[in-house]
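> Here you go, sequence then predicted model.
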Amino acid sequence: MKASVLFLLVVLTMTVALGSAGAETRLRMATTTSTEDSGLLKVLLPPFEKANKCKVDVLSTGTGKALKHGENGDVDVVFVHARKAEDKFVADGFGIDRKDVMHNDYVIVGPKADPAGVKSAKTAVEVFKKLAEGKAEFISRGDKSGTHMQEQAIWKAAGIEPKGKWYVEAGQGMGNVLQMAFDKKAYTIADRGTFLTFMNKIDLVVLFEGDKSLFNPYGIIAVNPKKHPKVNYELAKKLIDYVTGPEGQKVIADFKQNGKQVFFPDAIK
Amino acid sequence: MVNRRMKHHKRKSSPQRHRGRREEQENNVKKLCFSIASSPHRPVAKHGRFADSFSYSLCSLRLCGESFQTRKWLPTMNNAYNLDDVAFSYGTSQVLFLERIEIRPGEMVAVVGPNGSGKTTLLHLLAFVEPPSSGSIRFFGEECSAAKRLGFRRRVGLLTQNPYLFRGTVMDNVQWGLKIRGVTAARRHELALEALRSVGLAGFEARRARELSGGESQRTALARILVLEPEVLLLDEPGNHLDRESVQLTERIVANLNRKKGTTVIFVSHRASDVDSLAQRVLHLHQGRLDGNHAPARLVPLAR
Amino acid sequence: MDFLLEGIVAAFRLIVGLDQEVYAIVFLSVRVSVLATVYASLLGIPPGVWVALHQFRGKGALLLCLNTLMALPTVVVGVFMYGLISRRGVFGELDLLFAPGGIVLGLTALIVPLVMNLTIAAIHATDPRLVTTCRALGATGFQTSWKVVQEAGFAVIAAVVVAFGRVISEVGIAMMLGGNIRGYTRTITTAIALETSKGEFALGMALGIILLLVSAGVNAALFLLQRRQRW
């Protein structure tokens, strides 16, 4: 009998501990996998957490899902990179106080051999046209992420609807997609940050960059307390101010991956 | 004469001679009935002495002849059991139908009949383990209702055929009945040891129950019941599959119990020898119905 | 072969080096799994015992139902629970989503049918004379049920161990309801999923090995307990 009493006490303590684990204020932020995977948040958030004695819970999913979380009120602030979707989010009244934070760009990567001859192209649209013509294997995110939406915008501009065995819709995160492209010796479009992270592990090279359509701006939006009264709007506002303020922007500018700057701050012009 | 009567219940005696005594016994009986009815959980040890004079007074009322159907019975004296139109169905088939059975306190009754005649079912009903599908059972004068069932059950001991012993030691088995009645650990241990001694299993407490022989298992199961001091003891084919020695030992214990403490005993048996030597009365069951209710063929006095 | 070796070396380094993040992850996994198993046992064993010991109309249908629930894919349970504890859901106020509490809730819901079903099987396997014996000795319904569980012994313990094994290796629910938040709701399994998606195979494998060790440890402890109690 004594053993079971002890056991029950342990369980009770664990339950209580579970509940109080989040006793300190927690701010929930939905962001994209690429942002989280880049490692930026690991350095950007701690100063804010310390200054405000709180913890920022980072939920990293695809852009679409992140915005959906904001719509449902399951998070307090959203930090994504899909301008059109963000604008719709605010227009629909789900978010307020949208601010530009930073930008980086997308790059088109592929095998060194470059069978489709993409290197010589002048615009992103031309690259995609060449890929479609040559039916070169291309891995798409296929998950309504910021990357995916950017890719789809280029296909639209090229007037092509990508279909066929060569166009692989992975439905996975950037890391997985890069892995897949490496394994299959295929092409893909990736944000520079993630690509730099993976550069050492996979043998793909940047074949095209710098086009305007590959511009990738990041925005931060607070979830509208009018729609979801329970969100921590005060703290969300503070986070936005920090990220777009001098301190946050400096951290962003100083963040380097493999010796190269990944993100370019936009908030202070 | 008094002494003889105590030992030999089967002696015929005429009622008139002991009318005076009867009145005196009436009061004792009233007291006894009251105390039995009002203390379902206390071991009945104390009643042993009363029970003696109880059966003594029964003897004095016993009618001549072999049939006990006619009742010259004082209404205050309660039968151990009164079954009225009791039926039991298993699913849709009726297994048992008994119009009227009376079992007097302190009686030793045998139930015989071919296989499938409902003997085991009858025992289960008498143990209040199953409720009858219809009809009423009165236990020491009280009608059995759903609320009272548990109380009655605790006053009856049922030794099943091929008894099931719990995992653990012999001690674990014997003291379980006391444990669920809330008896303290020390007292349980004490009573259990005593019970084991009475069945000849002294020193067996630490043995694993599952490692015992057939005879030892049955005696352990018996001890498990005896420690609870039941007012009624029901035995389902106690002599089956066992060696002669164990059978004799069980018989001795049970007869002793009946004599010393006035425990009512009802047992099912195939063996004519058991029936003849132990039973005061035999109930014949055939296809779920009572076929006869009479004293055994040979009235052999209890020599022990 | 390199892969595997890298993983084992990495695992060793992490365990011995008492890496804080890894230990936090392991501790969380164990904590949510133990709690879910305990709650599911409390919720599943008593009804299981009752169902096993009683005959009633619809018992067959109930058993069929349990079997179906047992085979339910975790994402279905996850989606359903998500609907309940999301801010827009009925239990949104409890703030369980994206917190360890949500994971525990989801895992418990997942394994209650499992525990109940296995308990019923364990009780059905006990001797049919047991109940009669208990009742004849004057046990109340509850006392009989408790004795039956004790006599079923190892079979019931086995049910609990199976349930634990199920939850500690669960990914879908932990991901959906926990959100895989670093330092808060990242379990071993979700961490493995994350690390492998980032290409950190060695780390993923290291975590996998740790998971195996934890699972084996729990199983061994329960096995020893069973031996000592001489079920």
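Nice, I can see it.

> looking at the chain, which helix or strand is least sure?
In the absence of a named chain, this looks at chain A. Across the helices and strands of chain A, mean confidence by mean pLDDT, DSSP states H and E is lowest for helix A:2-20: a mean of 72.

> ah, no, chain B please
Taking mean pLDDT, DSSP H and E as the measure, chain B has helix B:47-61 as its least confident helix or strand, at a mean of 38.

> C-terminal to that one, which secondary structure element comes first?
strand B:81-90 (DSSP states H and E).

> Look up how far chain C lies from residue B:195.
In this view, residue B:195 and chain C are 13 Å apart by CB to the nearest CB, to the nearest Å. Any C-beta I mention is one placed from the backbone N, CA and C, and that applies to glycine too.

> Find me the pLDDT at that residue, would you?
Confidence at residue B:195, expressed as pLDDT, is 92.

> nearest residue to it other than its sequence neighbours?
In this structure, residue B:195 finds its nearest non-sequential neighbour in residue B:227, 3.8 Å apart by CB to CB, 6 or more residues apart in numbering or on different chains.

> Residue B:175 is in contact with that neighbour, correct?
Yes: between residue B:227 and residue B:175 a contact is recorded at 7.2 Å, counting by CB atoms under 8 Å.

> which residues are in contact with both of those two?
Jointly contacting residue B:227 and residue B:175 under the rule CB atoms under 8 Å, 6 or more residues apart in numbering or on different chains are B:191, B:192.

> so where do the strands sit in the chain?
You didn't say which chain, so I picked chain A. A:26-32, A:55-61, A:77-80, A:95-110, A:138-140, A:167-169, A:187-191, A:205-208, A:215-223, A:256-257, A:260-261, A:264-265 (DSSP state E).

> The chain in question should be chain B.
B:81-90, B:93-103, B:108-112, B:134-139, B:142-143, B:156-159, B:232-236, B:264-268, B:281-286, B:289-294.

> Where among those is average confidence lowest?
Per-segment mean pLDDT for the strands of chain B reaches its minimum on strand B:289-294, at a mean of 70.

> State the distance from the closest residue to residue B:202 other than its chain neighbours to chain A.
Spatial nearest neighbour of residue B:202, chain neighbours left out: residue B:196 (5.8 Å); criterion: CB to CB, 6+ apart. Here the criterion is CB to the nearest CB. By it, residue B:196 lies 25 Å from chain A.

> Apart from its chain neighbours, what residue comes closest to residue C:176?
Closest to residue C:176 by CB to CB, 6+ apart is residue C:78, at 3.9 Å.

> ignore the last one, residue C:48
residue C:119 (3.1 Å).

> Tally up the residues packed near the one you found, please.
26 (other CB atoms under 10 Å in any protein chain shown).

> The one 4 residues further on too?
As a burial measure, the neighbour count of residue C:123 was computed by other CB under 10 Å and equals 24.

> shouldn't residue C:36 be in contact with residue C:114?
No: using CB under 8 Å, residue C:36 is not in contact with residue C:114; the gap is 11.2 Å.

> measure the closest residue to residue C:94 other than its chain neighbours to residue C:29 for me?
Nearest non-adjacent residue to residue C:94, counting by CB to CB, 6+ apart: residue C:85, 6.6 Å away. Residue C:85 sits 20 Å away from residue C:29 when distances are taken as CB to CB, to the nearest Å.

> and residue C:26, how many neighbours?
Neighbour count for residue C:26, taken as other CB under 10 Å: 21.

> isn't it right next to residue C:191, touching?
No: assessed by CB under 8 Å, residue C:26 is found out of contact with residue C:191, at 9.4 Å.

> Show the contacting residues for the residue nearest to residue C:176.
Taking CB under 8 Å, 6+ apart, we find residue C:78 in contact with C:106, C:172, C:173, C:175, C:176, C:177.

> correct me, but the first one touches residue C:79?
No: applying CB under 8 Å, one finds residue C:106 not in contact with residue C:79, separated by 10.1 Å.

> tell me, what's touching these two both at once?
With CB under 8 Å, 6+ apart as the test, residue C:106 and residue C:79 both reach residue C:176.

> These two: which has the busier surroundings?
A side-by-side neighbour count of residue C:106 and residue C:79, using other CB under 10 Å, places residue C:106 first with 29 against 15.

> residues touching the residue nearest to residue C:94, list them.
Neighbours of residue C:85 in contact, by CB under 8 Å, 6+ apart: C:91, C:92, C:94, C:96, C:97, C:102, C:105, C:177.

> do residue C:63 as well
Contact analysis of residue C:63 by CB under 8 Å, 6+ apart lists C:51, C:117, C:120.

> wait, the second one sits on residue C:70?
Yes: assessed by CB under 8 Å, residue C:117 is found in contact with residue C:70 at 5.7 Å.

> quick one, which of those two is more surrounded?
Between residue C:117 and residue C:70, residue C:117 has the larger neighbour count (other CB under 10 Å), namely 20 against 17.

> Helix or strand for the more buried one, just tell me which one.
Using DSSP H and E, residue C:117 sits in helix C:100-124.

> what about residue A:124, neighbour count?
When neighbours are defined as other CB under 10 Å, residue A:124 has 24 of them.

> Kindly provide the distance from it to residue B:138.
Distance of residue A:124 to residue B:138, computed by CB to CB: 98 Å.

> thought residue A:101 was touching residue A:79?
Yes: the pair residue A:101 / residue A:79 is scored as a contact, 7.3 Å apart, by CB under 8 Å.

> Mind listing the shared neighbours of the two?
Counting by CB under 8 Å, 6+ apart, the residues touching both residue A:101 and residue A:79 are A:218, A:219, A:220, A:243.

> among those, who's most crowded?
The most neighbours of any of the shared contacts of residue A:101 and residue A:79, using other CB under 10 Å, belong to residue A:218, which has 30 neighbours.

> and that one, bridged to which residues?
Residue A:218 forms beta bridges with residue A:102, as assigned by DSSP bridges.

> Hmm, residue A:105 and it touching each other?
No: under the criterion of CB under 8 Å, residue A:218 makes no contact with residue A:105, lying 11.4 Å away.

> tell me the contacts of residue A:138?
With CB under 8 Å, 6+ apart, residue A:138 has these contacts: A:131, A:162, A:166, A:167, A:168, A:186, A:187, A:188.

> excluding its backbone neighbours, what's nearest it?
Using CB to CB, 6+ apart, the closest residue to residue A:138 is residue A:187 (4.8 Å).

> now residue B:178
Nearest non-adjacent residue to residue B:178, counting by CB to CB, 6+ apart: residue B:188, 4.5 Å away.

> ok now do the one you found, which residues does it touch?
Going by CB under 8 Å, 6+ apart, residue B:188 touches B:175, B:178, B:179.

> do you know how far it is from residue B:171?
On the measure of CB to CB, residue B:188 and residue B:171 end up 9 Å apart.
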